[in-house]
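S.K.: Generate a structure from the sequence data that follows.
(one chain, ligands or ions: 2)
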Amino acid sequence: MRIPSASPIHNAALADQLSSAINNKTKPLGSLGTLERLALQLGMIQQSVDVRLVRPAILVFAADHGIVAEGVSAYPQSVTWQMVENFLAGGAAINVFARQNGCALQIVDAGVNHDFGTRATLIDRKVAMGTHNFAQGQAMTEAECLRAIGHGIELIDGLDGNVVGFGEMGIGNTTAAAALMHKMTGIAVADCVGAGTGLPPEGIAHKASVIEAAVARHAEVREPLDILATFGGFEIAMIAGAMLRAAERRMVILVDGFIVTSALLVAARLHPAVLDYCVFSHCSNERGHQRMLEHLNATPLLHLGLRLGEGTGCALALPLLASAAAFLQEMATFDSAQVSQREG
Ligand SMILES: O=C(O)c1ccc[n+]([C@@H]2O[C@H](COP(=O)([O-])O)[C@@H](O)[C@H]2O)c1
Ligand SMILES: Cc1cc2nc[nH]c2cc1C
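M.R.: Numbers count the residues shown, from 1 in each chain. Ligands and ions are numbered 1, 2, ... in the order given. Coordinates of the predicted model:
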């Protein structure tokens with residue numbers, strides 16, 4: 001399987017053209033703040049001053065994690081499949097926010113420990129009934145990891161829009177994401193571990209000790225794909241593959257919270273240019289997310305104290321993306337509206 005490779009966006013002439021278009025709008029210079037940075041990024045991604053957001057979609061990848069056997073989550077594993085049912089019934093937060101913002105939603109079984117049977121609206125890409133417990137061995141085999149990445153690539157190729165957001169659902173996946181973060185960044189485990197779905201302080205300390213022991217056990221693992229296979233999840237691997245393909249196809253990538261950003265750490269180690277295509281929707285309340293974003297030199301759009309996942313940050317950020325594109329498209333210029341320019 002070929003791992004997609006994103007190209008870095010270099011086009012100084014277009015950057016100048018976009019900056020002029022933004023600066024000539026009827027507003028004090030720089031007064032649309034972050035929306036100006038966003039409009040510039042959208043133009044650079046689409047290689048045009050005529051930015052259009054077409055059929056945005058959010059893909060929610062669900063999977064289970066063998067590491068839950070170590071008692072690292074506040075909720076039982078069965079919540080993963082039960083929430084998938086909730087997604088399919090339209091009742092989860094991501095359903096509400098996606099509907100509210102006119103965003104298509106796809107739910108993918110990446111490796112949930114449950115037999116859903118044949119379901120019309122569930123995309124079945126189940127690699128296995130959850131990963132193995134990485135406290136005892138590798139979470140997944142190299143073949144399973146590559147299969148998950150391949151599914152992510154192929155799901156992007158099935159989209160017909162140019163904006164894709166990523167969400168996930170998987171009890172135990174903040175433990176996998178924290179281990180990935182530690183291995184990919186070198187940041188101390190204690191600074192990567194948080195409450196997840198709501199562990200108390202003793203639970204967080206236990207979770208950190210489980211990760212410390214697993215990291216010591218797998219100390220020799222250094223390459224990004226090996227790190228992903230050793231500590232990751234099927235949903236995380238699928239998201240990493242999908243992100244690389246989305247960047248290769250020059251799509252706008254909306255990044256959600258802690259777990260989705262951990263997938264990006266792997267993708268960006270393989271092809272750093274993927275970052276040029278990423279819009280960071282929010283900073284999660286999960287301890288570690290802020291440091292993860294800083295490591296990527298990323299500025300999140302929203303600080304709402306979210307720690308839900310599911311792609312909710314992406315859905316909430318979508319109207320801001322739309323506003324950035326709309327002001328670039330529709331706002332009058334100083335010339336067209338005959339408004340006087342700044343003095344001096
Ligand atoms: O997106 C985030 O930043 C985020 C932070 C904390 C928890 N979550 C969600 O909570 C679940 C994982 O939490 P846990 O405690 O079971 O590892 C998983 O379904 C995630 O979607 C998500
Ligand atoms: C209820 C519930 C909903 C979620 N959505 C994403 N992660 C979740 C974890 C729990 C526990």
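S.K.: Now do the lengthiest helix in the chain: distance to the chain's middle.
M.R.: As assigned by DSSP state H, the longest helix anywhere in the chain is helix 312-330. Relative to its chain's centre, helix 312-330 lies at 17 Å (C-alpha atoms, centre = their mean, to the nearest Å).
S.K.: on contacts alone, who are the packing partners of that helix?
M.R.: Applying 3 or more C-beta pairs under 8 Å, 6 or more residues apart in numbering; DSSP states H and E, we find helix 312-330 packed against helix 12-23, helix 33-46, helix 93-100, strand 163-169, strand 252-255. Any C-beta I mention is one placed from the backbone N, CA and C, and that applies to glycine too.
S.K.: now do 7 Å
M.R.: helix 33-46, helix 93-100, strand 163-169 (3 or more C-beta pairs under 7 Å, 6 or more residues apart in numbering; DSSP states H and E).
S.K.: contacts for the second one?
M.R.: For helix 93-100, the external contacting residues (C-beta atoms under 7 Å, 6 or more residues apart in numbering) are 58, 60, 87, 105, 167, 308, 310, 311, 312, 315, 316.
S.K.: three-state assignment of the second one?
M.R.: Translated: residue 60. Using DSSP: H, G, I helix; E, B strand; the rest coil, the structure places residue 60 in strand.
S.K.: Excluding sequence neighbours, find me the nearest residue to it.
M.R.: residue 167 (4.1 Å; C-beta to C-beta, 6 or more residues apart in numbering).
S.K.: now swap in the fourth one and tell me
M.R.: Spatial nearest neighbour of residue 105, chain neighbours left out: residue 98 (4.4 Å); criterion: C-beta to C-beta, 6+ apart.
S.K.: do the same with the last one
M.R.: Spatial nearest neighbour of residue 316, excluding adjacent residues (C-beta to C-beta, 6+ apart): residue 97 at 5.9 Å.
S.K.: how many neighbours does the residue nearest to residue 60 have?
M.R.: Neighbourhood size, residue 167 [other C-beta atoms under 10 Å]: 33.
S.K.: give the contact list for it.
M.R.: Contacts of residue 167 by C-beta under 7 Å, 6+ apart are 58, 60, 94, 256, 260, 309, 310, 311, 314.
S.K.: Please repeat the previous calculation with a cut-off of 8 Å.
M.R.: By C-beta atoms under 8 Å, 6 or more residues apart in numbering, the contact set of residue 167 is 58, 59, 60, 61, 94, 256, 260, 309, 310, 311, 312, 314.
S.K.: top of the residues you listed by neighbour count?
M.R.: residue 61 (35 neighbours).
S.K.: what's across from that one in the sheet?
M.R.: Beta-bridge pairing of residue 61 under DSSP bridges involves residue 108, residue 168.
S.K.: Let me know the pLDDT of it.
M.R.: With respect to pLDDT, residue 61 scores 99.
S.K.: go on, residue 304?
M.R.: You'll see residue 304 listed with a pLDDT of 98.
S.K.: Could you restrict the contacts of residue 167 to the ones contacting ligand 2?
M.R.: Restricting the contacts of residue 167 to those near ligand 2 by C-beta under 6 Å from any ligand atom leaves 309, 310.
S.K.: which one of the contacts of residue 167 sits closest to ligand 1?
M.R.: residue 309 (2.2 Å; C-beta to the nearest ligand atom).
S.K.: residues in contact with that closest one?
M.R.: 167, 168, 169, 173, 256, 257, 258, 259, 260.
S.K.: Which of the helices and strands packed on helix 312-330 has the highest mean neighbour count?
M.R.: Greatest average neighbour count among these goes to strand 163-169 (a mean of 29), per mean count of other C-beta atoms under 10 Å.
S.K.: what's the angle from that one to helix 312-330?
M.R.: 170 degrees (axes from the mean of the first three to the mean of the last three C-alpha atoms, to 10 degrees).
S.K.: Determine whether any part of strand 163-169 lies close to ligand 2.
M.R.: Yes - under the criterion of C-beta under 6 Å from any ligand atom, ligand 2 is reached by strand 163-169 at residue 169.
S.K.: Residue ranges in the protein under the pLDDT threshold?
M.R.: For the chain, applying pLDDT under 70 flags no range at all.
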